[in-house]
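> Pasting a predicted model and its sequence here:
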Amino acid sequence: MAKKKESNAGRKFFDGKDEKLVVSKLERMFAMGATDEEACIYAGISRSALDRYSQEHEGFRDRKALLKHTPKLRARITINRHSSHPLVARWMLERLARDEFGRHLSVSGPNGGPVETRNKVVEDLFEAILNRNKTEPKTDKKEGSG
């Protein structure tokens, strides 16, 4: 029996553009932390073309997810390379051991309760103004003609 020849029919993934070149551009952008939309603009393809290609190429989809972590990995390498510098070491501790070295301030009221935010002086003044306005008689002031 004769072997069935595979058909070349159907839409090309990248509208006739070189697949290797397009994938290379996409991977370069994903390695910089670009969004899917940004990578598509750079590669000159549509978002739907990227989605179709990702659906049919599971390996590419997995690689894209990994490449998106590259900026964080590069930053970690750089930080660790310079971790003997006191400012870098402090910066690392502020982020990795936030409870102990983080730049946050925790404020609590008596016995660890909430902080009282009411201002008695302002409340008393406000109440006095309201009471004064209630007790003052209303007068209709009309401009007189002269």
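Nice, thanks for sending it over.
> any chance you could read off phi and psi for the most centrally placed residue in the chain?
Closest to where the C-alpha atoms of the chain average out (Cα atoms, centre = their mean) is Thr35, at 11.6 Å. Dihedral pair for Thr35: phi -70, psi 170, per degrees, to the nearest 10.
> gap between it and Lys20?
22 Å (Cβ to Cβ, to the nearest Å). (C-beta placed from N, C-alpha, C; glycine too.)
> what does Met32 give?
19 Å.
> and if you look at Asp51?
19 Å.
> which one of the two has more residues nearby?
Neighbours of Asp51 and Lys20, each counted by other Cβ atoms under 10 Å, are more numerous for Asp51; the result is 13 against 8.
> give me the element that one is part of.
Assigned by DSSP states H and E, Asp51 belongs to helix 47-56.
> other SSEs contacting that helix?
Under the contact definition 3 or more Cβ pairs under 8 Å, 6 or more residues apart in numbering; DSSP states H and E, helix 47-56 sits against helix 36-43, helix 58-67.
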